[in-house]
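>>> for reference, the sequence and a predicted model appear below.
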Amino acid sequence: MDRRHILGLIGAAPFVTTALSPRSANAATNLLNPNNPDDLYTIHRKLNHSFDNRVVYWYIRAVRNGLVDSQFTPFWDMHVGFLSITDDVEGGHSTKSMSAIFYTDLDTGKLLETFENPYTGEKIPVRQPGVGRSSGLYNKQGRDGHRAERPGLEVTEYGHIGPAWVIGDDVWCRGDTGFRAVPTTDEGRMMQINDWTTYQGSISEVSDPDVTSANATESFNDINTWPTWLNMGDHPGNYVSRGFGRKSWSTDGMPPEWSAIMRDQYPKEFSDPRA
(Lines give C-alpha, C1' and ligand atoms only; values in the text may rest on other atoms or scores of the structure.)
Protein backbone atom coordinates (compact mmCIF):
# COMPACT_ATOMS: atom_id res chain seq x y z
CA MET A 1 0.00 0.00 0.00
CA ASP A 2 2.93 2.30 -0.36
CA ARG A 3 1.23 3.74 -3.43
CA ARG A 4 -1.01 5.90 -1.21
CA HIS A 5 1.22 8.84 -1.83
CA ILE A 6 0.37 8.42 -5.50
CA LEU A 7 -3.33 8.07 -4.98
CA GLY A 8 -3.25 11.05 -2.79
CA LEU A 9 -4.60 5.85 0.66
CA ILE A 10 -6.08 -5.21 8.52
CA GLY A 11 -6.97 -10.84 12.43
CA ALA A 12 -7.73 -10.82 16.02
CA ALA A 13 -7.88 -7.64 18.09
CA PRO A 14 -11.30 -6.24 19.01
CA PHE A 15 -12.22 -2.71 18.12
CA VAL A 16 -12.60 -0.11 20.83
CA THR A 17 -15.95 1.49 20.17
CA THR A 18 -15.83 4.57 22.39
CA ALA A 19 -16.28 8.00 20.86
CA LEU A 20 -18.76 6.72 18.28
CA SER A 21 -21.47 9.11 17.17
CA PRO A 22 -24.67 8.32 19.12
CA ARG A 23 -27.81 7.54 17.19
CA SER A 24 -30.13 10.50 17.05
CA ALA A 25 -33.22 10.20 19.22
CA ASN A 26 -35.23 11.39 16.23
CA ALA A 27 -35.60 8.37 14.00
CA ALA A 28 -35.77 9.29 10.34
CA THR A 29 -39.23 8.87 8.89
CA ASN A 30 -38.28 9.57 5.27
CA LEU A 31 -35.60 7.05 4.37
CA LEU A 32 -33.08 7.86 1.68
CA ASN A 33 -33.48 6.02 -1.61
CA PRO A 34 -30.23 4.47 -2.91
CA ASN A 35 -31.61 4.61 -6.44
CA ASN A 36 -31.79 8.40 -6.26
CA PRO A 37 -28.39 9.95 -7.20
CA ASP A 38 -28.65 12.74 -4.62
CA ASP A 39 -29.65 10.30 -1.86
CA LEU A 40 -26.87 7.91 -2.91
CA TYR A 41 -24.35 10.73 -2.59
CA THR A 42 -25.64 11.51 0.92
CA ILE A 43 -25.49 7.82 1.95
CA HIS A 44 -21.90 7.51 0.78
CA ARG A 45 -20.76 10.78 2.31
CA LYS A 46 -22.33 10.10 5.73
CA LEU A 47 -20.91 6.55 5.84
CA ASN A 48 -17.44 7.34 4.49
CA HIS A 49 -16.88 10.96 5.44
CA SER A 50 -18.99 13.66 7.09
CA PHE A 51 -21.17 16.71 6.51
CA ASP A 52 -19.16 18.66 9.09
CA ASN A 53 -15.45 19.31 9.44
CA ARG A 54 -14.53 17.06 12.39
CA VAL A 55 -11.72 14.55 11.95
CA VAL A 56 -13.07 11.20 10.77
CA TYR A 57 -10.97 8.13 11.72
CA TRP A 58 -11.02 4.83 9.84
CA TYR A 59 -9.13 1.73 10.99
CA ILE A 60 -8.59 -1.21 8.64
CA ARG A 61 -7.09 -4.56 9.65
CA ALA A 62 -6.02 -6.66 6.68
CA VAL A 63 -3.68 -9.43 5.58
CA ARG A 64 -1.48 -8.77 2.58
CA ASN A 65 -1.12 -11.73 0.22
CA GLY A 66 0.59 -12.72 -2.96
CA LEU A 67 -1.68 -14.33 -5.54
CA VAL A 68 0.05 -16.64 -8.04
CA ASP A 69 -1.58 -19.44 -10.05
CA SER A 70 -4.89 -18.76 -8.22
CA GLN A 71 -3.26 -19.57 -4.85
CA PHE A 72 -2.89 -17.04 -2.02
CA THR A 73 0.28 -16.78 0.10
CA PRO A 74 -0.02 -14.59 3.24
CA PHE A 75 2.78 -12.03 3.56
CA TRP A 76 2.04 -9.87 6.63
CA ASP A 77 -0.63 -8.08 8.68
CA MET A 78 -1.57 -4.52 7.84
CA HIS A 79 -2.70 -1.95 10.41
CA VAL A 80 -4.18 0.97 8.53
CA GLY A 81 -5.43 4.34 9.72
CA PHE A 82 -7.13 6.89 7.48
CA LEU A 83 -7.94 10.30 8.95
CA SER A 84 -9.83 12.91 6.96
CA ILE A 85 -11.48 16.31 7.18
CA THR A 86 -14.32 17.21 4.81
CA ASP A 87 -15.34 20.58 3.36
CA ASP A 88 -18.23 21.53 1.10
CA VAL A 89 -17.43 22.57 -2.46
CA GLU A 90 -19.71 23.38 -5.35
CA GLY A 91 -21.32 20.15 -6.56
CA GLY A 92 -19.84 17.94 -3.83
CA HIS A 93 -17.11 17.94 -1.20
CA SER A 94 -13.36 17.90 -0.78
CA THR A 95 -11.24 15.91 1.65
CA LYS A 96 -7.85 16.38 3.24
CA SER A 97 -6.49 13.07 4.48
CA MET A 98 -3.63 11.45 6.35
CA SER A 99 -2.89 7.74 6.03
CA ALA A 100 -0.77 5.79 8.52
CA ILE A 101 -0.07 2.21 7.38
CA PHE A 102 2.11 -0.34 9.15
CA TYR A 103 3.16 -3.88 8.18
CA THR A 104 3.65 -6.36 11.05
CA ASP A 105 4.83 -9.97 11.26
CA LEU A 106 2.01 -12.51 11.09
CA ASP A 107 3.39 -14.46 14.08
CA THR A 108 5.03 -11.90 16.36
CA GLY A 109 3.03 -8.75 15.61
CA LYS A 110 6.25 -6.73 15.41
CA LEU A 111 6.96 -4.18 12.72
CA LEU A 112 8.53 -5.88 9.72
CA GLU A 113 12.06 -4.85 8.89
CA THR A 114 12.93 -7.59 6.37
CA PHE A 115 10.84 -10.01 4.32
CA GLU A 116 11.82 -13.25 2.62
CA ASN A 117 10.00 -13.22 -0.70
CA PRO A 118 8.46 -16.72 -1.04
CA TYR A 119 8.47 -16.49 -4.83
CA THR A 120 12.05 -15.35 -5.39
CA GLY A 121 13.75 -16.47 -2.18
CA GLU A 122 15.28 -13.02 -1.81
CA LYS A 123 15.46 -11.44 1.65
CA ILE A 124 14.72 -7.77 1.21
CA PRO A 125 14.22 -4.70 3.43
CA VAL A 126 10.55 -3.85 3.91
CA ARG A 127 9.38 -0.47 2.69
CA GLN A 128 6.93 0.57 5.40
CA PRO A 129 4.33 3.00 3.99
CA GLY A 130 4.23 5.07 7.20
CA VAL A 131 2.43 8.40 7.07
CA GLY A 132 1.19 10.02 3.88
CA ARG A 133 -1.00 13.00 3.08
CA SER A 134 -3.44 13.50 0.23
CA SER A 135 -6.50 15.40 -0.92
CA GLY A 136 -9.57 14.40 -2.87
CA LEU A 137 -12.51 15.99 -4.66
CA TYR A 138 -15.90 14.26 -4.82
CA ASN A 139 -18.90 15.10 -6.98
CA LYS A 140 -22.30 13.38 -7.02
CA GLN A 141 -20.90 10.50 -9.09
CA GLY A 142 -17.77 9.89 -7.04
CA ARG A 143 -14.16 10.90 -6.80
CA ASP A 144 -13.32 13.45 -9.44
CA GLY A 145 -11.22 11.26 -11.72
CA HIS A 146 -8.80 12.56 -14.24
CA ARG A 147 -6.18 11.57 -16.76
CA ALA A 148 -2.76 13.10 -16.71
CA GLU A 149 0.54 12.80 -18.51
CA ARG A 150 3.60 12.23 -16.36
CA PRO A 151 7.10 11.59 -17.68
CA GLY A 152 6.87 8.24 -19.47
CA LEU A 153 3.37 7.48 -18.14
CA GLU A 154 -0.28 8.01 -18.94
CA VAL A 155 -2.10 8.09 -15.62
CA THR A 156 -5.80 7.55 -14.97
CA GLU A 157 -7.32 7.95 -11.51
CA TYR A 158 -10.94 7.14 -10.69
CA GLY A 159 -13.47 6.62 -7.90
CA HIS A 160 -17.12 5.59 -7.88
CA ILE A 161 -20.04 6.10 -5.51
CA GLY A 162 -22.41 3.15 -5.21
CA PRO A 163 -24.38 1.21 -5.94
CA ALA A 164 -26.03 0.89 -2.54
CA TRP A 165 -28.54 -1.61 -1.18
CA VAL A 166 -31.00 -1.52 1.74
CA ILE A 167 -32.24 -4.64 3.57
CA GLY A 168 -34.24 -3.91 6.68
CA ASP A 169 -32.35 -1.19 8.53
CA ASP A 170 -29.00 -2.13 6.99
CA VAL A 171 -27.49 -0.18 4.14
CA TRP A 172 -24.43 -1.18 2.14
CA CYS A 173 -22.70 1.24 -0.21
CA ARG A 174 -19.71 0.69 -2.43
CA GLY A 175 -16.98 3.29 -2.74
CA ASP A 176 -14.31 1.90 -5.06
CA THR A 177 -11.23 3.81 -6.16
CA GLY A 178 -8.39 3.00 -8.52
CA PHE A 179 -5.32 4.12 -10.34
CA ARG A 180 -3.67 3.00 -13.57
CA ALA A 181 -0.33 4.10 -14.98
CA VAL A 182 0.57 2.90 -18.47
CA PRO A 183 4.08 3.46 -19.87
CA THR A 184 4.22 5.58 -23.00
CA THR A 185 7.72 4.33 -23.87
CA ASP A 186 9.42 0.94 -23.99
CA GLU A 187 10.80 1.55 -20.49
CA GLY A 188 8.86 1.09 -17.27
CA ARG A 189 5.88 -1.17 -16.56
CA MET A 190 2.15 -0.88 -16.13
CA MET A 191 0.87 -0.27 -12.59
CA GLN A 192 -2.74 -0.93 -11.56
CA ILE A 193 -4.40 -0.27 -8.18
CA ASN A 194 -7.94 -1.49 -7.41
CA ASP A 195 -9.28 -0.53 -3.96
CA TRP A 196 -12.68 -2.15 -3.38
CA THR A 197 -14.60 -0.89 -0.33
CA THR A 198 -18.14 -1.62 0.85
CA TYR A 199 -19.42 0.56 3.70
CA GLN A 200 -22.21 -0.68 6.00
CA GLY A 201 -24.45 1.26 8.37
CA SER A 202 -28.04 1.98 9.42
CA ILE A 203 -30.33 3.50 6.78
CA SER A 204 -32.44 5.16 9.48
CA GLU A 205 -29.37 6.81 10.99
CA VAL A 206 -28.02 7.85 7.61
CA SER A 207 -31.42 9.28 6.69
CA ASP A 208 -31.68 11.33 9.88
CA PRO A 209 -31.06 15.00 8.95
CA ASP A 210 -29.54 15.60 12.41
CA VAL A 211 -26.78 13.06 11.75
CA THR A 212 -23.79 14.53 9.93
CA SER A 213 -21.52 11.47 10.09
CA ALA A 214 -22.99 8.02 10.65
CA ASN A 215 -21.62 4.97 12.41
CA ALA A 216 -20.15 2.63 9.82
CA THR A 217 -18.03 -0.44 9.20
CA GLU A 218 -16.42 -1.58 5.98
CA SER A 219 -15.11 -4.61 4.13
CA PHE A 220 -12.02 -4.01 2.02
CA ASN A 221 -10.06 -5.71 -0.74
CA ASP A 222 -7.41 -4.51 -3.10
CA ILE A 223 -6.09 -6.25 -6.20
CA ASN A 224 -2.90 -4.66 -7.47
CA THR A 225 0.22 -5.14 -9.50
CA TRP A 226 3.42 -5.94 -7.57
CA PRO A 227 5.15 -2.99 -5.86
CA THR A 228 8.58 -2.27 -7.26
CA TRP A 229 10.40 -2.82 -3.94
CA LEU A 230 9.40 -6.54 -3.84
CA ASN A 231 11.70 -7.09 -6.84
CA MET A 232 9.22 -9.39 -8.59
CA GLY A 233 10.31 -8.34 -12.06
CA ASP A 234 8.11 -10.04 -14.66
CA HIS A 235 6.88 -12.71 -12.24
CA PRO A 236 3.14 -13.25 -12.88
CA GLY A 237 0.65 -12.65 -10.13
CA ASN A 238 -0.98 -9.97 -8.02
CA TYR A 239 -0.59 -8.14 -4.72
CA VAL A 240 -3.87 -8.64 -2.82
CA SER A 241 -5.21 -7.73 0.61
CA ARG A 242 -8.40 -8.67 2.46
CA GLY A 243 -9.67 -6.82 5.51
CA PHE A 244 -12.35 -5.04 7.50
CA GLY A 245 -12.67 -1.72 9.24
CA ARG A 246 -14.59 0.57 11.56
CA LYS A 247 -15.13 4.31 11.66
CA SER A 248 -14.72 6.57 14.71
CA TRP A 249 -14.13 10.22 15.57
CA SER A 250 -11.08 10.19 17.88
CA THR A 251 -7.97 8.19 18.67
CA ASP A 252 -10.06 6.47 21.39
CA GLY A 253 -11.77 4.57 18.60
CA MET A 254 -8.52 3.23 17.15
CA PRO A 255 -7.25 -0.19 18.33
CA PRO A 256 -4.17 -0.43 20.57
CA GLU A 257 -1.98 -2.11 17.93
CA TRP A 258 -2.22 0.82 15.55
CA SER A 259 -2.14 3.46 18.29
CA ALA A 260 1.01 2.01 19.90
CA ILE A 261 2.96 2.06 16.64
CA MET A 262 1.63 5.48 15.70
CA ARG A 263 2.49 6.97 19.09
CA ASP A 264 6.02 5.56 18.89
CA GLN A 265 6.77 6.31 15.24
CA TYR A 266 4.80 9.52 14.67
CA PRO A 267 4.00 11.13 18.05
CA LYS A 268 3.35 14.59 16.64
CA GLU A 269 0.81 13.38 14.07
CA PHE A 270 -0.80 11.08 16.65
CA SER A 271 -1.30 13.86 19.20
CA ASP A 272 -2.46 16.52 16.73
CA PRO A 273 -3.74 14.94 13.49
CA ARG A 274 -5.68 18.04 12.41
CA ALA A 275 -2.45 20.02 12.22
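In hand now; what should we look at?
>>> need phi/psi at residue 44.
When read as degrees, to the nearest 10, the backbone of residue 44 gives phi -60, psi -50.
>>> once you drop chain neighbours, what's closest to residue 251?
The shortest distance from residue 251 to any non-neighbouring residue, by CB to CB, 6 or more residues apart in numbering, is to residue 259 (6.2 Å). Glycine gets a C-beta too; all of them are placed from N, C-alpha and C.
>>> count of neighbours near that neighbour?
18 (other CB atoms under 10 Å).
>>> so it sits in a helix?
Yes - the assignment for residue 259 is a helix, going by DSSP: H, G, I helix; E, B strand; the rest coil.
>>> and the pLDDT for it?
Listed pLDDT for residue 259 reads 96.
>>> likewise residue 29?
Predicted confidence (pLDDT) for residue 29: 63.
>>> how about residue 273?
The model's pLDDT for residue 273 equals 87.
>>> what's around it, how many residues?
Per other CB under 10 Å, the neighbour tally for residue 273 reads 20.
>>> pull the contacting residues for it.
Residues in contact with residue 273, defined by CB atoms under 8 Å, 6 or more residues apart in numbering, are 55, 83, 98, 251.
>>> again, 7 Å this time
Neighbouring residues of residue 273 by CB atoms under 7 Å, 6 or more residues apart in numbering: 55, 83, 98.
>>> repeat that for residue 202.
Counting by CB under 7 Å, 6+ apart, residue 202 makes contact with 169, 171, 214-215.
>>> rerun at 8 Å
Neighbour list for residue 202: 23, 169-171, 214-215 [criterion: CB under 8 Å, 6+ apart].
>>> is it possible to get JSON lines of the residues you listed that adds secondary structure?
What follows is those, written out as JSON lines (three-state DSSP):
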{"residue": "23", "secondary structure": "coil"}
{"residue": "169", "secondary structure": "coil"}
{"residue": "170", "secondary structure": "strand"}
{"residue": "171", "secondary structure": "strand"}
{"residue": "214", "secondary structure": "coil"}
{"residue": "215", "secondary structure": "coil"}
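>>> export those residues to CSV and tack on neighbour count and distance to residue 235?
Output for the contacts of residue 202, formatted as CSV (neighbours: other CB atoms under 10 Å; distance: CB to CB, whole Å):
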residue, neighbour count, distance to residue 235
23, 15, 49
169, 13, 46
170, 11, 41
171, 26, 41
214, 27, 43
215, 21, 42
